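Participant: return atomic coordinates for the entry below.
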Amino acid sequence: MIRIRRTSSAPAVLRTKGKNKRRGHSLSYTANPAAYDSGALKFEFDGDIYAHDDVKAVLKAMQHDKCAFCESKVSHIAYGDVEHYRPKGGFRQHQADVLGRPGYYWLAYEWDNLLFSCQLCNQRFKKNLFPLIDPAARARNHKDALRREAPVMVDPSKEDPADYIGFRAEVAYGLDGTGGRGEQTLNALGLNRVELVEVRRDKLKYLHAFGQIVRTAADHPQNAALREVAERAQQQLDRAVHDSAEFAGMVRGTVADLGG
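Facilitator: Got it, this is the predicted structure:
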């Protein structure tokens, strides 16, 4: 997970159709809050708006076609999801909790609440999970103040995950200790799931190989052919820390060990 630089202007469909939908949901809730709070009435959300092709395209470009959470490249194997950081339909403080209602319905079409993610991070792990440091401060409707909330999960579009998550080789860990936001974010999103760790390990293997080439060339400065290969290897190491590179957060956290 790395810091995501969100574009300042929301796609037009969110500023027009999305704004109208938000107004409609807010009016509906105001007319019958008890029914929505109990779950007797539920909001119907329009995926053709919040997941419109224009919205998805901007998110994918903004995130270099990577999942906002695990940093896997998405589009070569899946369509990917437009994910709501604050869940729109309902919420859970803990994964085993009964679904709380309503969710953050007034944020369903808000640009600041949308991210591009892989299906595993979104549908298998995060789902409706949205824990707060103080659950009593949760905003329960559009009239409540979001500023009172202190989310547990790191929002990569508003804060730097590197302040909370580090890497020991391919394994991520929380920098703020056991039970801190870093560790809870990793657990909530499955960022140390076996399959993901294996792919990160493979990434490090070939980067270590590039580092070895660079070190060997440094020990043989008169070998022009080796020096040329080492220059290409160094270019690969340099690219691996760019925002667009898969698993850049891990590589940045371990770059001192790569030897480039």
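
Participant: mind giving me the domain ranges of this protein?
Facilitator: 12-152, 194-257 (automatic domain parsing).

Participant: give me the low-pLDDT residue ranges for the stretch 1-150 of the chain?
Facilitator: Under the criterion pLDDT under 70, no range of the stretch 1-150 of the chain is flagged.

Participant: all strands of it, in order?
Facilitator: 81-84, 114-117 (DSSP state E, counting those that start in this stretch).

Participant: list the contacts of the last one.
Facilitator: Going back to what we said before, that points to strand 114-117. 4, 50, 55-56, 59-60, 62-63, 65-69, 74, 80-85, 126, 156-157 (Cβ atoms under 8 Å, 6 or more residues apart in numbering). No exception for glycine: its C-beta is placed from N, CA and C like everyone else's.

Participant: mind redoing it with 6 Å?
Facilitator: Leu59, Lys60, Gln63, Cys67, Ala68, Phe69, Gly80, Asp81, Val82, Glu83, Tyr85 (Cβ atoms under 6 Å, 6 or more residues apart in numbering).

Participant: excluding sequence neighbours, find me the nearest residue to the second one.
Facilitator: Which is Lys60. Among residues not flanking Lys60 along the chain, Phe116 sits closest, at 5.4 Å (Cβ to Cβ, 6 or more residues apart in numbering).

Participant: for that neighbour, name its beta-bridge partners.
Facilitator: Note on Phe116: beta-bridge partners by DSSP bridges are Val82.

Participant: Phe43: neighbouring residues, count only.
Facilitator: 19 (other Cβ atoms under 10 Å).

Participant: nearest residue to it in space, please, no chain neighbours.
Facilitator: Tyr105 (4.7 Å).

Participant: again with Gln63
Facilitator: In this structure, Gln63 finds its nearest non-sequential neighbour in Phe116, 5.1 Å apart by Cβ to Cβ, 6+ apart.

Participant: again, but for Ile213
Facilitator: That would be Ala233: by Cβ to Cβ, 6+ apart, it lies 4.2 Å from Ile213.

Participant: residue contacts, that neighbour?
Facilitator: Phe210, Ile213, Val214.

Participant: try Trp111
Facilitator: Going by Cβ under 6 Å, 6+ apart, Trp111 touches Ala10, Leu14.

Participant: what is the burial count for Asn113?
Facilitator: Count around Asn113 with other Cβ under 10 Å applied: 20.

Participant: list the buried residues of stretch 141-160.
Facilitator: By 16 or more other Cβ atoms under 10 Å, the buried positions in stretch 141-160 come out as Asn141, His142, Leu146, Glu149, Pro151, Val152, Met153, Val154, Asp155, Pro156, Ser157.

Participant: and what of stretch 4-11?
Facilitator: Ile4, Arg6, Ala10, Pro11.

Participant: what lies in contact with the helix or strand Ala172 falls within?
Facilitator: Ala172 is part of strand 171-174 when elements are defined by DSSP states H and E. Outside of strand 171-174, the residues within contact range by Cβ under 6 Å, 6+ apart are Ile165, Gly166, Gly180, Gly182, Glu183, Leu186, Leu191, Asn192.

Participant: can you tell me what sits against the helix or strand harbouring the fourth one?
Facilitator: Pointing back at Gly182 there. Secondary structure assigned from DSSP H and E places Gly182 in helix 181-189. For helix 181-189, the external contacting residues (Cβ under 6 Å, 6+ apart) are 69, 121, 125-126, 129, 152-154, 164-165, 172, 174-176, 192.
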